[in-house]
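*Asks:* With the input below, show me the fold.
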Amino acid sequence: MSRNSKSPLYRDTAGFTLVEMIVVLIIISVLALIAAPGWLSFMNNRRAEAGREQIFQLLRQAQDQAIRSRQTQVVNFINTTNPPTVQALGTTQELDDGRAERSPDDQPFLGLQVINSSGPCAANAAGCVIFDEKGNIKHENNNLGDNDGGIKIVVTSPPEGGSKRCVIVRTLLGALAKGSGEDECS
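*Replies:* Next up is the predicted model:
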């Protein structure tokens, strides 16, 4: 008996039908729609936390440098650039917003605000923190707030109504703390 003389019990087909492909695409689309808001929220939280960590480290370094060199150190926070920048220790650093490449037309990913700060800051600065030669806050130049809230440097992602993270300078001794959310960062 030859192979051709047998009638096949099954059809020799490969691949998926159009209906099966459409069903798979619909399922993938629904899963993507469910996951997208969570992913965006996660990314905004990570951007805000990265900005806060960068500011925290720069403030620590400026405080340490003030003690080592026995000279006043000023840390200026500039929010008119995209991304916001921090001037400290003779350098200007951009806050890391997670983008590898930027164009001038890009929407900002990070917002920066300084609360309870006053003093001889740079002309374009939103605020500054001034450490004296002992690493303490120069209280005549910085207002720690009427309710001991401290100087707050707030990073938000996205800039308008996004995830809030902050660094709080609580005492005249320059004690630094980290905060998050509306309660701690407002």
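*Asks:* going forward, measure contacts between C-alpha atoms and count neighbours the same way
*Replies:* Noted.
*Asks:* Let's verify the closest residue to Val154 other than its chain neighbours: helix, strand, or coil?
*Replies:* Spatially, and ignoring its direct neighbours in sequence, Val154 is nearest to Cys166 (4.3 Å; C-alpha to C-alpha, 6 or more residues apart in numbering). Following DSSP: H, G, I helix; E, B strand; the rest coil, Cys166 is assigned to strand.
*Asks:* My read is that Cys166 contacts Glu182, right?
*Replies:* No - with contact defined as C-alpha atoms under 8 Å, Cys166 and Glu182 do not form a contacting pair (9.9 Å).
*Asks:* Please say which of these two ends up with more neighbours.
*Replies:* When Cys166 and Glu182 are compared for neighbours, Cys166 comes out ahead with 30 against 11, by other C-alpha atoms under 10 Å.
*Asks:* For that one, give me its contacts.
*Replies:* Cys166 makes contact with 52, 152-155, 178-180, 184-185 under the criterion C-alpha atoms under 8 Å, 6 or more residues apart in numbering.
*Asks:* Over to Ala48?
*Replies:* Ala48 makes contact with 110, 155-157, 163-165, according to C-alpha under 8 Å, 6+ apart.
*Asks:* Show the average pLDDT along the helix or strand it falls within.
*Replies:* In this structure, Ala48 sits in helix 18-69 according to DSSP states H and E. Mean per-residue pLDDT for helix 18-69: 92.
*Asks:* Return the residues in contact with Ile67.
*Replies:* Taking C-alpha under 8 Å, 6+ apart as the criterion, Ile67 is in contact with 133-135.
*Asks:* ok, now Ala50?
*Replies:* Counting by C-alpha under 8 Å, 6+ apart, Ala50 touches 96-97.
*Asks:* Please apply the same query to the one 4 residues further on.
*Replies:* With contact set as C-alpha under 8 Å, 6+ apart, Gln54 has these partners: 95-96.
*Asks:* oh, and call the first residue 54 from now on, that's how I've got it
*Replies:* With 54 as the first residue, the last one maps to Gln107.
*Asks:* Dig out what the nearest residue to Phe109 once chain neighbours are set aside forms beta bridges with.
*Replies:* Nearest-residue entry for Phe109: Val220, 6.2 Å, with adjacent residues in sequence omitted and distances by C-alpha to C-alpha, 6+ apart. Beta bridges link Val220 to Ile206, Lys231 when assigned by DSSP bridges.
*Asks:* Isn't Val220 up against Val207?
*Replies:* Yes - the criterion here is C-alpha under 8 Å, and Val220 meets it with Val207 at 6.7 Å.
*Asks:* In space, not sequence, find me the middle residue of the chain.
*Replies:* Closest to where the C-alpha atoms of the chain average out (C-alpha atoms, centre = their mean) is Ala101, at 2.3 Å.
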